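Peer 1: Take a look and give me a structure for this.
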Amino acid sequence: MTLPNILLITSDQHRGDCFGFEGRRVHTPHLDGLAQQGTRFSACITPNVVCMPARASMLTGLLPLTHGTADNGIDLDEAVAQRGFGGALSHAGYHTAFVGKAHFSSNHSAEPTGRCENLLSSHRFADDWCGPYMGFEHVELMQLGHNYWLPERSPGGLHYERWYHRDGQGDLKDRLYRQGLEPLPSAAQTHNSALPTVWHNSTWVGDRGVAYLQAQARSQREGAGKPFCAWLSFADPHHPFDAPAPWCWQHRPQDVDLPPHRIRDLERRPWWHRAAMENVPQGSSRKVREEYSRMAPQSDAQLREIIANYYGMISLVDHQVGRLLQTLHDEGLADNTLVVFTSDHGEWLGDHGLMLKGPMFYEGLLRVGLIVRGPAVKAAQVVHEPVSTIDLAATFADYANSANAAAAHSRSLRPLLEGQAGGGAARDHAFTEWRLGPSRCGVALDLRGVRTRSAKLTLELSTGAGELYDLANDPYECVNRFDDPASKGLREELMQRLLSRPSDLRQPLAAPVGPA
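Peer 2: Alright, predicted model coming up:
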């Protein structure tokens, strides 16, 4: 049996409802087509709502408190990473590659960490260095990808940053990025960038992904190639909201859809919601947390500007996905490639008056899209069982006809994808968890969450405070049922599910070396 190629495509901070097929007014024709050709999951959640833990879980098939990257700023243990799906598939005979934003290691730190992604260490890696890294044989990486920090100059930076500056036009590109195009938004962290799309990092990931697929197709045609597993990772639509022209104009603010519930009602929520919004972040990263990780309430007009720009960033990613899918077709790879699209986590995007991300597990932040197309995958199928991006590691091992025992919390989605009777991968619930220190919101929190098909419970472990939402009857999470006597049975059921999390927590957990 010919083993399938595996192509994982991810976006960053991309809500699970921000696709055309979900009914939002965002232009995603290629992702909509992929969903029609394959299977999509309507209740896929992330195991953590910030980048580093979520990505580490996707790679390893482990929950964050087990692989150890429990928060941003904690480097993933390289030995654990080697046992992730990149390393496992390399051992199974696949050529493995990673292109784009990895974020398995901290970018910012007080001292050099020696990791390639670290701003104080990347100068140690030569221009021709292409891995291995975290189990992947070949890598082409961007260091940050979010232009709150402009691309690093040589000898720093990684493959994207060095490409960006190599032609000597880095100063021009920086000026164009900073140049805001009309109409000038008044919303926070939002501008219509004049940086030409050809220099944008989403285009670069698309370009390098196309080149990789073409090279692998040549090798396979010549009989010398292996099946491949490639993770292509876009850095958008993560804030700042800075879509380049013409994508910044594709969605008009007056045409976008606003969240139905967009008022902060902190008095109706558990104590840590207000703390996360109002406490003073602690430590050396306070300025970044206050200026970059938080956003003041925005007016409806400003929120429309943000959403329109966010949609433009998504549409640019969708365009690159279309290029990748067309390359698979043109190179004769489409019929034997498992294509997966998902994201690390979502974005509040105005839900409950909140923007960006933080320790409140509302659906906009917790739920991500998951679309799969490939050999024997059912077309136009929607799966409603709760699953997790953690399940990708076991799924890839299943399709590669290999084992990955290290991915202990991961279960193959193959039975669900192929519509097998009984759906052996079906889950009654999925977990999320986040143990964070006081640097983000001024207080330490230990949050554990569980989501079923129709309900969700979050518990703050150190105080016993919690929230419970009946998603079937309260999809916008307006009423916290945690202390409602009428919901006692549901709360007890979800608490039992929460307590069923495997007890394989890593001890001790490493301390963060920086904010992210």
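Peer 1: alpha carbons only for contacts and neighbour counts from here, please
Peer 2: Noted.
Peer 1: Give me the helix or strand of the chain that scores worst on average pLDDT.
Peer 2: Least confident helix or strand, the chain: helix 286-291 with a mean of 82, by mean pLDDT, DSSP states H and E.
Peer 1: what lines up beside the helix or strand encompassing L468 in the sheet?
Peer 2: Taking DSSP states H and E as the definition, L468 sits inside strand 466-470. Strand pairing for strand 466-470, determined by DSSP bridges: strand 455-460 (antiparallel).
Peer 1: what are the C-alpha coordinates of the partner strand, in CSV please?
Peer 2: Extracted in CSV, the C-alpha atoms of strand 455-460 (Å, rounded to 0.1, in the frame of the first residue of the first chain):
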residue,chain,number,x,y,z
ALA,A,455,-21.6,22.1,27.3
LYS,A,456,-18.4,23.4,28.8
LEU,A,457,-16.9,23.8,32.3
THR,A,458,-13.9,25.8,33.3
LEU,A,459,-12.4,25.4,36.8
GLU,A,460,-9.8,27.7,38.5
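Peer 1: hmm, back to that, for the following helix or strand past the least confident helix or strand of the chain, which helices and strands make contact with it?
Peer 2: Once the chain leaves helix 286-291, the next helix or strand it forms, by DSSP H and E, is helix 300-330. Other elements packing on helix 300-330 under the criterion 3 or more C-alpha pairs under 8 Å, 6 or more residues apart in numbering; DSSP states H and E are helix 29-37, helix 201-221.
Peer 1: Would you mark the buried spots in helix 300-330?
Peer 2: Residues 302-328 are the ones in helix 300-330 that count as buried (16 or more other C-alpha atoms under 10 Å).
Peer 1: And for stretch 490-498?
Peer 2: Within stretch 490-498, the residues that count as buried by 16+ other C-alpha under 10 Å are L490, R491, L494, M495, R497, L498.
Peer 1: Same check on stretch 483-491?
Peer 2: L490, R491.
Peer 1: And that stretch, how far out from the chain middle?
Peer 2: Its chain's average C-alpha position is 33 Å from that of stretch 483-491, according to C-alpha atoms, centre = their mean, to the nearest Å.
Peer 1: what does stretch 100-115 give?
Peer 2: Counting by C-alpha atoms, centre = their mean, stretch 100-115 is centred 17 Å from the centre of its parent chain.
Peer 1: Let me see the contact set for the residue nearest the centre of the chain.
Peer 2: By C-alpha atoms, centre = their mean, the chain has its centre lying nearest to D344, at 1.5 Å. Neighbour list for D344: 10-14, 46, 49-51, 54-55, 368, 389 [criterion: C-alpha atoms under 8 Å, 6 or more residues apart in numbering].
Peer 1: Filter the residues you listed down to the ones in strands?
Peer 2: T10, S11, V368 (DSSP state E).
Peer 1: Show me what Q381 is bridged to.
Peer 2: T39.
Peer 1: Equivalent analysis for R435, please.
Peer 2: The partner residues for R435, given DSSP bridges, come to D446.
Peer 1: Could you pull out the strands in the chain for me?
Peer 2: Using DSSP E, strands in the chain cover 5-11, 39-45, 95-101, 138-142, 228-233, 337-343, 367-373, 381-383, 387-388, 430-436, 445-451, 455-460, 466-470.
Peer 1: So which of the ones you listed is the most surrounded?
Peer 2: Among those, ranked by average contacts under mean count of other C-alpha atoms under 10 Å, first place goes to strand 387-388 (a mean of 29).
Peer 1: Let me see the residues that make contact with that one.
Peer 2: F41, A43, C44, I45, T46, P47, A426, R427, H429, A430, F431.
Peer 1: re the thing from before, distance to S412 added to the strands of the chain, as a markdown table?
Peer 2: Putting the strands of the chain into a markdown table (distance: least, C-alpha to C-alpha, whole Å) gives the following:
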| stretch | distance to S412 |
| --- | --- |
| strand 5-11 | 14 |
| strand 39-45 | 14 |
| strand 95-101 | 20 |
| strand 138-142 | 25 |
| strand 228-233 | 16 |
| strand 337-343 | 13 |
| strand 367-373 | 13 |
| strand 381-383 | 14 |
| strand 387-388 | 10 |
| strand 430-436 | 14 |
| strand 445-451 | 18 |
| strand 455-460 | 23 |
| strand 466-470 | 28 |
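Peer 1: Turn the ones you listed into TSV, including mean pLDDT and distance to Y476.
Peer 2: Below are the strands of the chain laid out as TSV (pLDDT from 0 to 100; distance: least, C-alpha to C-alpha, whole Å):
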stretch	mean pLDDT	distance to Y476
strand 5-11	99	24
strand 39-45	98	15
strand 95-101	98	31
strand 138-142	98	36
strand 228-233	98	30
strand 337-343	99	21
strand 367-373	98	13
strand 381-383	97	21
strand 387-388	98	20
strand 430-436	97	19
strand 445-451	98	15
strand 455-460	98	12
strand 466-470	98	9
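Peer 1: Can you tell me which of those is nearest to T203?
Peer 2: For T203, the closest of these is strand 95-101, at 10.5 Å, according to C-alpha to C-alpha.
Peer 1: and for that closest one, what are the contacting residues?
Peer 2: 86, 89-90, 136-145, 160, 205, 208-209, 226-235.
Peer 1: Repeat that for stretch 15-31.
Peer 2: By C-alpha under 8 Å, 6+ apart, stretch 15-31 touches 32, 35, 42, 251, 255-257, 311-312, 314-315, 318-319, 321-322, 343, 345-348, 364-365, 367-370.
Peer 1: Show me which positions of it end up buried.
Peer 2: Quick answer for stretch 15-31 (16+ other C-alpha under 10 Å): 15-21, 25-31.
Peer 1: same deal with stretch 185-204?
Peer 2: 185, 187-188, 190-195, 197, 200-204.
Peer 1: Figure out how far that stretch is from the centre of its chain.
Peer 2: Using C-alpha atoms, centre = their mean, the offset of stretch 185-204 from its chain centre is 19 Å.
Peer 1: Quote the end-to-end distance of that stretch.
Peer 2: From the first residue to the last, stretch 185-204 extends over 26 Å; the measure is C-alpha to C-alpha, to the nearest Å.
Peer 1: Same question for stretch 8-23.
Peer 2: 24 Å.
Peer 1: and it, how far from the chain's centre?
Peer 2: 10 Å.
Peer 1: Then stretch 489-507?
Peer 2: The chain centre lies 24 Å from the centre of stretch 489-507; the measure is C-alpha atoms, centre = their mean.
Peer 1: again with stretch 355-366
Peer 2: 13 Å.
Peer 1: what pLDDT, on average, does that stretch get?
Peer 2: Stretch 355-366 carries an average pLDDT of 98.
Peer 1: Outside of it itself, list whatever touches it.
Peer 2: 13, 15-17, 45-46, 48-50, 239, 272-273, 276, 293-295, 297, 345-349, 351, 434, 447, 449, 458, 477.
Peer 1: ChimeraX command for the buried members of these?
Peer 2: Buried members of the contacts of stretch 355-366, defined by 16+ other C-alpha under 10 Å, are picked up in ChimeraX with:
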select :13,15,16,17,45,46,48,49,50,239,272,273,276,293,294,295,297,345,346,347,348,349,351,434,447,449,458,477
